[in-house]
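1. Predicted coordinates and the sequence they were generated for:
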Amino acid sequence: MAATVKTKRASRFRWSRLGGILILVVLIVWAVIELFPILFLFFNSVKTSAEIMSSPFRPPAMPRFMNYVEAWRGGNLGIPMGRYFLNSVFVTTGTLVMLMFTGSLAAYALARYKFPIASLAAASLIWALAIPVHATLIPVFHFLGSLGLRNNYFGLICVYTAFWLPFTITVMVAYFESFPKELEDAARIDGCTDFGAFWRIVLPVSRGALASIAIINVVGIWSELLFAYVLMNKPEVRTLPVGIVSFRGQYEVAWNLIFAGLAIASIPTLLFFLIFQRQITKGMTMGAIK
Amino acid sequence: MHSKSSGGMRAGVAEKLHQIYKARLAILFLAPAFLLLFTFIAYPLVRSLYLSLFKWNGITKPQFIGLQNFETLFQDQSFYNALFNTLKFSILTTAGTVIIGFFLAVAIERQVMGWKTFKIIYFLPVMMALTVVGMLWGQLLDPTFGPVNAILKALGMVKPPVWMGNPRITLYAIVGVSIWQYAGFPMIVFLAAMENIPLDIHDAATIDGVNTWQRISRIIFPMIKNVVAVMVMLQIIFSLKVFDVIWVMTQGGPGESTNVLGIYLYRNAFIYTYFGYGSAIAVVMAAIIFTLSMLYRRFIRVEAIEF
């Protein structure tokens, strides 16, 4: 084939000019539909309550960042978003650490050591992916209760880790299987134990892939509601989603603070996305296009 | 590798020991993860099955009643209502996100001006917590103060719908919200698949003089059929489990018009404290979703071979 010039895909196939304009219009319309609510959220989070009621469409006259401070502390709603935020950060971080550690260990074993037990384990993971977590809700509630681990960070972290393990391990196994064995062999020749090879060679080199997997899990963990709602009802340990639900039934009270609270809950994951876009989209496609 | 003959027996024993060592190591590596999985997934599942045969309020001793919970369940109008709502929600949301996602991907693949920005904007809502999205749209759709109705009034509608208060349209409103949030997800996946379509095929088509619609229906879509099938199944299974967004917006109301299986389970188990009955609901839910997931596995394997 003659030297292929890397032209943009757009110029390669001719779509009518009218078609091109139509496409752009549709894209813009949809973009507005997608963006407007988010802008609405953030604008309202810095408006006063009166402004929210009277002029929903206009940007805030003078941004009132005090909203965030008051929402953080709890203000007259009695709902301290700050506390919930920290709880969520703690739970999410704890879960990610536990998830990455146990998941990578297990995935490495499944990828490298091919035993009948191993394939049974791998098969059970695929089955686990098919089970909706609702089915475990009631027993987990009672089980943790009897262990005194309800309203306890560790309890929730363990539960979350268990939920996200099947998916994480499955993806990691695929990754480790394609990891070049030569690196570990070289380490072992140098006198490294198997665990040492794993810990000191494989893990650091796999940082990128592990990060991608962690990032994909983050939003799910951060925004999980059902189990947090059921297991963590004491105000001090509530995570953000639970805190947000408690906004319901608070009518005619400080809407600006509610919006600030919602904004506080959203900023981390949105920031995460904006910073780690490429990893996230790569990870998504990795899973779906086998 | 050649010295199999020399020291044959000793080499065999060494191999065996090595195998045992490796097996032990593997089990050690697998232990933490599988301990967690067993404790928090396998065991509770079995216990759910067990509990579904009992009548229990969580405090007094459980009372064995055999399959009575299931009998009640299959005669319960609320259950069928919840099931129907769940299916409706799932199918509509999936259709909406997949179809819109597909066309968005087609449009973006063409790399019109600003496509990178569009991509980001479309995916942003996917990254938002469901509870936040629910509360946000609850406000947007507020009949008196919400922007949506304000716009509708400005466009001339005298009595814009009461989105969250009218039992007939609430579920569809929530479907709309879900589509708003998740259309970007299939879009990203389809986009990646479309970008893998070799340019030669497109060039050949251009030479043959196909128009836009033909290009989409005869070239792009058939080539990513598999991905679309996978995505549809994933979305259906994902949306059958819906709880968060509906709970935050309507808690299953008004009446029972947005009651879905997840909420039905929660209410029976944690509000009425019918833990036995709730377990039965959980079992049925799990059976449905599990079956669909297994079908999905069969489905893609077949497609892969055909392709």
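-> Great, that's in hand.
2. So for stretch B:130-146, what gets flagged as buried?
-> Across stretch B:130-146, burial judged by 16 or more other CB atoms under 10 Å in any protein chain shown covers B:130-142, B:146. All C-beta atoms are positioned from the backbone trio N, CA, C, and that covers glycine.
3. And the one residue sitting closest to the centre of chain B, how far from chain A?
-> Central residue of chain B (CA atoms, centre = their mean): residue B:238, 1.0 Å from the mean position. Distance, residue B:238 to chain A, using CB to the nearest CB, to the nearest Å: 10 Å.
4. Run through the buried residues of stretch B:130-146 and flag the ones next to chain A.
-> B:130-132, B:135-137, B:139-140, B:146 (CB under 8 Å from any CB of the partner chain).
5. will you turn the residues you listed into TSV that also has secondary structure and pLDDT?
-> Formatted as TSV, these follow (DSSP: H, G, I helix; E, B strand; the rest coil; pLDDT from 0 to 100):
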residue	secondary structure	pLDDT
B:130	helix	91
B:131	helix	91
B:132	helix	92
B:135	helix	90
B:136	helix	92
B:137	helix	93
B:139	helix	87
B:140	helix	90
B:146	coil	85
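6. what's downstream of the least confident helix or strand in chain B by mean pLDDT, the next helix or strand?
-> The helix or strand of chain B with the poorest confidence is helix B:212-214; it has a mean of 76 (mean pLDDT, DSSP states H and E). With elements assigned by DSSP states H and E, the helix or strand that comes after helix B:212-214 is helix B:221-223.
7. what comes up buried for the helix or strand following that following helix?
-> Using DSSP H and E, the helix or strand that follows helix B:221-223 in sequence is helix B:225-240. Within helix B:225-240, the residues that qualify as buried are B:226-240, counting by 16+ other CB under 10 Å.
8. tell me the mean pLDDT over the very next helix or strand once past helix B:225-240?
-> Where DSSP H and E defines the elements, the next helix or strand beyond helix B:225-240 is helix B:244-249. Averaging pLDDT along helix B:244-249 yields 91.
9. does chain A sit close to the very next helix or strand once past helix B:244-249?
-> The first helix or strand that comes after helix B:244-249 along the chain, using DSSP H and E, is helix B:261-266. Yes - residues of helix B:261-266 are located near chain A by CB under 8 Å from any CB, namely B:261-262, B:265-266.
10. What about the residues you listed, which one has the most neighbours?
-> The residue in the residues of helix B:261-266 next to chain A with the most neighbours, by other CB atoms under 10 Å in any protein chain shown, is residue B:261 (28 neighbours).
11. Now that one. Nearest residue, chain neighbours left out?
-> Once flanking residues are discounted, residue B:261 sits nearest to residue B:86: 4.6 Å by CB to CB, 6 or more residues apart in numbering or on different chains.
12. The one you found contacts residue B:237, correct?
-> No - look at residue B:86 against residue B:237 with CB atoms under 8 Å: they stay out of range, at 11.7 Å.
13. Where does the prediction get shaky in chain B?
-> Along chain B, the model assigns pLDDT under 70 to residues B:1-11, B:300-307.
14. Outline the domain layout of chain B.
-> B:8-51, B:68-306 (automatic domain parsing).
15. Quick one: closest of these to residue A:173.
-> Closest to residue A:173 of these, according to CB to CB: domain B:8-51, at 11.4 Å.
16. low-confidence ranges in the stretch 1-150 of chain A?
-> Using pLDDT under 70, the flagged stretches of the stretch 1-150 of chain A are A:1-19, A:75-77.
17. would you list every one of the helices in it?
-> For the stretch 1-150 of chain A, the helices defined by DSSP state H, counting those that start in this stretch cover A:9-12, A:17-45, A:49-54, A:66-73, A:81-112, A:116-129, A:134-146.
18. before we move on, what about the stretch 151-290 of chain A?
-> Assigned by DSSP H, counting those that start in this stretch, the stretch 151-290 of chain A shows helices spanning A:153-177, A:181-189, A:194-197, A:203-205, A:207-223, A:226-231, A:240-245, A:255-288.
19. Over to residue B:156. Which of the three states is it?
-> Following DSSP: H, G, I helix; E, B strand; the rest coil, the label given to residue B:156 is coil.
20. Over to it: give its phi and psi.
-> Dihedral angles of residue B:156 (phi, psi; degrees, to the nearest 10) stand at phi 110, psi -10.
21. burial count for it?
-> Residue B:156 has 6 neighbours, counted by other CB under 10 Å.
22. ok, now residue B:281?
-> 29.
23. What strand or helix carries it?
-> helix B:275-306.
24. Could you check how many residues crowd around the closest residue in space to residue B:53 that isn't next to it in sequence?
-> Excluding the flanking residues, the one nearest residue B:53 by CB to CB, 6+ apart is residue B:66, at 5.8 Å. By other CB under 10 Å, 9 other residues sit near residue B:66.
25. Minimum distance to residue B:45: which of the helices of the stretch 151-290 of chain A has it?
-> helix A:153-177 (11.4 Å).
26. Check which helices and strands the closest one is in contact with.
-> Secondary-structure packing of helix A:153-177 (3 or more CB pairs under 8 Å, 6 or more residues apart in numbering or on different chains; DSSP states H and E): helix A:81-112, helix A:116-129, helix A:134-146, helix A:207-223, helix A:226-231, helix A:255-288, helix B:8-37.
27. Name the residues of it that come out as buried.
-> Here helix A:153-177 shows A:153, A:155-173, A:175-176 as buried, counting by 16+ other CB under 10 Å.
28. my guess is residue B:201 contacts residue B:219, does it?
-> Yes - judged on CB under 8 Å, residue B:201 makes contact with residue B:219 at a distance of 6.3 Å.
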